[in-house]
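Trainee: Whatever this is, show me its structure:
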Amino acid sequence: MKILLLGPNGQVGWELQRSLSPLGELIALDRHSTAADGGCGDLSQPDQLRQTVLALRPDVIVNAAAHTAVDKAESEPELARTLNAQAPGVLAAAAQSIDALLVHYSTDYVFDGSGTTPWVEDAATGPLSVYGRTKLDGERAIQASGCRHLILRTSWVYAARGGNFARTMLRLAVERERLTVIDDQWGAPTGADLIADVTAHAIRQTLRAPQLSGIFHLAAAGETTWNGYARFVLETARMVKPDLVLKAQEVAPVPTSAFPTPAQRPLNSRLDTSRLRSTFHLALPHWQTGVRRMLTEIL
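Mentor: From the prediction side, this is the model:
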C-alpha cells in the first residue's frame, strides 16, 4: 500500500509519520517538497497537488496540512480559502479519479459554539470565523467529490513537540504569581499522538469496508475549560517534577471577553465521539491521561 502524507511537520503530521509507517510505503511531502522528493506538497499550489497525486497514484492520501492560524485567517481570507477549501477539493477530485481514500482533518470551529451539549456529526453548522467557514467549505468539497473519505473533526490539539498551551502556562507560572485564564470555553485537550493512532486504525478498517466513509468526531474523553486545563497542567507539573519552581499560586477564571481576538472563538467545543467509537470499536482515553503523559515527556 502507498500512502501520501501532506503536512508531515505539523503537530499531527509529525505523529502520523510514526503511526502510518507500519501500514505501507509512506511518501511525506511538505510545502517545500520538489519533484526530487516525490512531488508537490504545497496546498497553495492546487494544480501541482493534483499532478502529484495523479503521478504517484497513492492508495491513501492523508491531508494533515491546513491554514490553522485562526486569527491571521481573518486578515488573509483568500489564502485560508485556498489552503482549507480549494486544495482539499482538488485532492478529493484527484482521489476520486484514482479510487484513493482521502483522510482529512477538520475542526469544531465549523459549529457556532452555542449550548452545552457535545456536537454530533450531523448537527447544524454555523462557523463564527474565516477559519471555521473555510474548513467547512473544505468538508463540503470533499463530500461533493464522491471520493472515499474520512473527515476527522477534532479540537484543542496539542503535542509534546513544539509550542503548546501547557508550555505557555508553565512559562508564565515561572514568571508570575497570578495567572488569568479563560473559563467559559469548554472542550477536551486532544493529543496529536492519539489523533495519529486513531487515524491509522480507521484507515485499516475503512480500506476493508469502504462503507465506513464519512465524517467522525475525534477528541479525548471528558471535558474542561482552558482554566481547568491550566490548573491541571500546573498541579501535574508539580507532581512530575517536584524541584520545578513555579511562582504562580492562583489561576484566576476570566471570560473570553477579557482577551479580545480578531477571530471569534466557540464557547462550546465539546464533540460527541460516539459514532467514531462504535464504528471503529475504539475506546478514547480521558484528556487528563494524554496531558499527563505529555507533561512527563517535556519536563
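Trainee: Pull the one helix or strand Phe232 maps to out as PDB, backbone CA atoms only.
Mentor: Assigned by DSSP states H and E, Phe232 falls within helix 226-240. Presented in PDB, the C-alpha positions along helix 226-240 are these (Å, rounded to 0.1, in the frame of the first residue of the first chain):
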ATOM      1  CA  TRP A 226      -8.900  26.400  29.500                       C
ATOM      2  CA  ASN A 227      -8.800  27.400  33.100                       C
ATOM      3  CA  GLY A 228      -9.300  23.900  34.300                       C
ATOM      4  CA  TYR A 229      -6.700  22.700  31.700                       C
ATOM      5  CA  ALA A 230      -4.200  25.300  33.100                       C
ATOM      6  CA  ARG A 231      -4.700  24.300  36.700                       C
ATOM      7  CA  PHE A 232      -4.300  20.600  35.800                       C
ATOM      8  CA  VAL A 233      -1.000  21.400  34.000                       C
ATOM      9  CA  LEU A 234       0.400  23.200  37.000                       C
ATOM     10  CA  GLU A 235      -0.700  20.600  39.500                       C
ATOM     11  CA  THR A 236       0.700  17.800  37.400                       C
ATOM     12  CA  ALA A 237       3.900  19.600  36.800                       C
ATOM     13  CA  ARG A 238       4.500  20.000  40.500                       C
ATOM     14  CA  MET A 239       4.000  16.200  41.000                       C
ATOM     15  CA  VAL A 240       6.000  15.100  38.000                       C
END
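Trainee: For it, name the packing helices and strands.
Mentor: Here helix 226-240 touches helix 165-175, strand 178-182, strand 250-254, helix 287-298, going by 3 or more CB pairs under 8 Å, 6 or more residues apart in numbering; DSSP states H and E. Bear in mind the C-beta positions are built from the backbone N, C-alpha and C, glycine included.
Trainee: for the ones you listed, which one sits closest to Leu16?
Mentor: Leu16 lies closest to helix 287-298 among the helices and strands packed on helix 226-240, at 16.3 Å (CB to CB).
Trainee: List the buried residues for the closest one?
Mentor: Of all the residues in helix 287-298, those buried under the rule 16 or more other CB atoms under 10 Å are 287-288, 290-292, 294-295.
Trainee: among the residues you listed, which two are most distant?
Mentor: Greatest spacing in those, by CB to CB: Trp287 and Leu295 (12.4 Å).
Trainee: any idea which element His104 lies in?
Mentor: Take DSSP H and E as the rule and His104 turns out to sit in strand 101-107.
Trainee: What helices and strands are in contact with that strand?
Mentor: By 3+ CB pairs under 8 Å, 6+ apart, strand 101-107 packs against strand 60-63, helix 87-98, helix 130-145, strand 148-154, helix 192-208.
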